[in-house]
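**Student:** Sharing a model that was predicted from the sequence below.
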Amino acid sequence: STPYDKLLIATGSGFFIPPIPHFREAPNVFGFRDLSDALKIDEAFAKGKRVFIVGSGLVGLDAASALCQRGADITIAEMAPRVMPLQTDDYAASVYQKVFEDHGCKFLLGIGASDAVVDGEGNITEVILSTGEHVPCDFIIMAAGVRPRIQLALDSGIKAERAIEVDSRLRTSAPDVYAAGDCTGLSGVWPDAMAQGKAAAENMAGVDTVYEKPYPFKNTSNFFGVTMLSVGRLDLTEGAEILLHKTPKEYKKAIVKDGRLTGYLSMGDISNSGLYLHLIKNGVDVSGKLDKIFRLSFADFYGINEKNGEYVYTV
């Protein structure tokens, strides 16, 4: 055993395999999370080019785009009715789906895997869909989401269900034990994992620090030259005002509720994204600026801190 005064649990998260027959046991089912996963996929690809990917989120499409450029025969199954369901709306999803299809990928939307056919070594040779169709494959990539790694906490009697439970100072239920990052389930973006680590470290060092609210859901992507930024919640539209800007080269969408920007999507030019992240994270009132919501800049919120003279947002 190793003694400690303060302990931080930062076990992160791991890829999730749904309870589909044979999927959890088959040696040719891989995640796409760590370097070891990439190396295993590279080795499998040398033996067979038919790839079945479960999930069309950022991870699934990232794996698909890389393998596509190496000449893979790719089938992607997604339970939702569109690709990248958490980051897109119907139009943005259709743009990405088309560009992937133009590069040879096949999508099965609203369809899941329900069973599999295995060979004598336990490798999956065919995926059986919920429709009953059989799809031959050489290996499978699971991209159906991640789960916080909580087994260490559970084995230690630390309170955890879907994630390790922490208070506002990142303390767990055990004295002098803290947790930060994906294992807390508080947020799934890297800047927030860093913010949690910093807050936990300060508290462990005796500096009382309250962990601030998580960053908004934020992702950027660039597949086959099509760039997209997604911030906040695009699915919370009830009672909200939806603003759109669409040209042959750009597509932008803003969701405003009670004068606050709650979701923002930009496909094409995604510059100036930090501003929209700030507006959503801090609940800035934009009700008087809806006519120029897609042309906002720091100048629209410009101010000066009277104490030290630095430029700040005036909100």
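**Tutor:** Looks like it came in fine. The structure presented is a predicted model; accordingly, all values stated were derived computationally and were not measured.

**Student:** pLDDT on stretch 117-128, on average?
**Tutor:** For stretch 117-128, mean pLDDT rounds to 97.

**Student:** Can you list the buried residues in stretch 279-291?
**Tutor:** Using 16 or more other Cβ atoms under 10 Å as the test for burial, stretch 279-291 gives 279-281, 284, 286, 289. Bear in mind the C-beta positions are built from the backbone N, C-alpha and C, glycine included.

**Student:** Same question for stretch 7-26.
**Tutor:** Those would be 8-11, 13-15, 17, 20, 22-23, 26, for stretch 7-26 by 16+ other Cβ under 10 Å.

**Student:** show me where the stretch 101-250 of the chain has strands.
**Tutor:** Using DSSP state E, counting those that start in this stretch, the strands of the stretch 101-250 of the chain run over residues 106-109, 113-118, 124-129, 134-136, 139-142, 146-148, 177-179, 218-223, 226-232, 241-246.

**Student:** The fourth one packs against which elements?
**Tutor:** Strand 134-136 sits against strand 124-129, with contacts defined as 3 or more Cβ pairs under 8 Å, 6 or more residues apart in numbering; DSSP states H and E.

**Student:** hmm, who's touching the strand it packs on?
**Tutor:** Strand 124-129 is contacted from outside by 22-23, 26, 28-29, 52, 77, 108, 111-119, 134-137, 139-140, using Cβ atoms under 8 Å, 6 or more residues apart in numbering.

**Student:** of the residues you listed, buried ones?
**Tutor:** 22-23, 26, 28-29, 52, 77, 108, 112-113, 115-116, 135, 137, 139-140.

**Student:** Any idea which of those the model trusts least?
**Tutor:** Where pLDDT dips furthest among the buried ones among the contacts of strand 124-129: G112, at 89.

**Student:** Can you show me the helices along the stretch 51-200 of the chain?
**Tutor:** Under the criterion DSSP state H, counting those that start in this stretch, the stretch 51-200 of the chain contains helices at 58-68, 90-102, 151-155, 190-204.

**Student:** Out of those helices, which gets nearest to D235?
**Tutor:** With Cβ to Cβ as the criterion, D235 lies closest to helix 90-102 of the helices of the stretch 51-200 of the chain, at 11.6 Å.

**Student:** Keeping just the C-alphas, turn that closest one into PDB.
**Tutor:** Extracted C-alpha coordinates of helix 90-102, given in PDB (Å, rounded to 0.1, in the frame of the first residue of the first chain):
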ATOM      1  CA  ASP A  90     -31.100  17.600 -39.800                       C
ATOM      2  CA  TYR A  91     -29.600  19.900 -42.400                       C
ATOM      3  CA  ALA A  92     -26.000  19.800 -41.000                       C
ATOM      4  CA  ALA A  93     -26.300  16.000 -40.600                       C
ATOM      5  CA  SER A  94     -27.300  15.600 -44.200                       C
ATOM      6  CA  VAL A  95     -24.300  17.600 -45.400                       C
ATOM      7  CA  TYR A  96     -21.900  15.300 -43.500                       C
ATOM      8  CA  GLN A  97     -23.800  12.200 -44.500                       C
ATOM      9  CA  LYS A  98     -23.500  13.100 -48.200                       C
ATOM     10  CA  VAL A  99     -19.800  13.900 -48.000                       C
ATOM     11  CA  PHE A 100     -19.100  10.500 -46.300                       C
ATOM     12  CA  GLU A 101     -21.300   8.700 -48.800                       C
ATOM     13  CA  ASP A 102     -19.400  10.400 -51.700                       C
END
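
**Student:** so how far is that helix off the chain centroid?
**Tutor:** In terms of Cα atoms, centre = their mean, to the nearest Å, the centre of helix 90-102 is set 18 Å apart from its chain centre.

**Student:** From the contact counts, what lies against that helix?
**Tutor:** Secondary elements touching helix 90-102 (3+ Cβ pairs under 8 Å, 6+ apart): helix 58-68, strand 106-109, strand 218-223, strand 226-232, strand 251-257, strand 260-267.

**Student:** deepest of these, which one?
**Tutor:** Ranked by average neighbour count under the criterion mean count of other Cβ atoms under 10 Å, the helices and strands packed on helix 90-102 are headed by strand 260-267 at a mean of 23.

**Student:** any idea of the angle that strand forms with strand 251-257?
**Tutor:** Here strand 260-267 runs at an angle of 170 degrees relative to strand 251-257 (axes from the mean of the first three to the mean of the last three Cα atoms, to 10 degrees).

**Student:** name the helices or strands packed onto the next helix or strand after strand 260-267?
**Tutor:** Once strand 260-267 ends, the next helix or strand along the chain (criterion: DSSP states H and E) is helix 273-281. Packing partners of helix 273-281 (3+ Cβ pairs under 8 Å, 6+ apart): strand 226-232, strand 260-267.

**Student:** which among the buried ones among the contacts of strand 124-129 gets closest to A195?
**Tutor:** V29 (33.8 Å).

**Student:** ok, the closest residue to that closest one other than its chain neighbours - contacts?
**Tutor:** Sequence neighbours aside, I140 is the residue nearest to V29 in space, at 4.6 Å (criterion: Cβ to Cβ, 6 or more residues apart in numbering). Listed by Cβ under 8 Å, 6+ apart, the contact set of I140 reads 23, 26, 28-30, 51-54, 124, 127.
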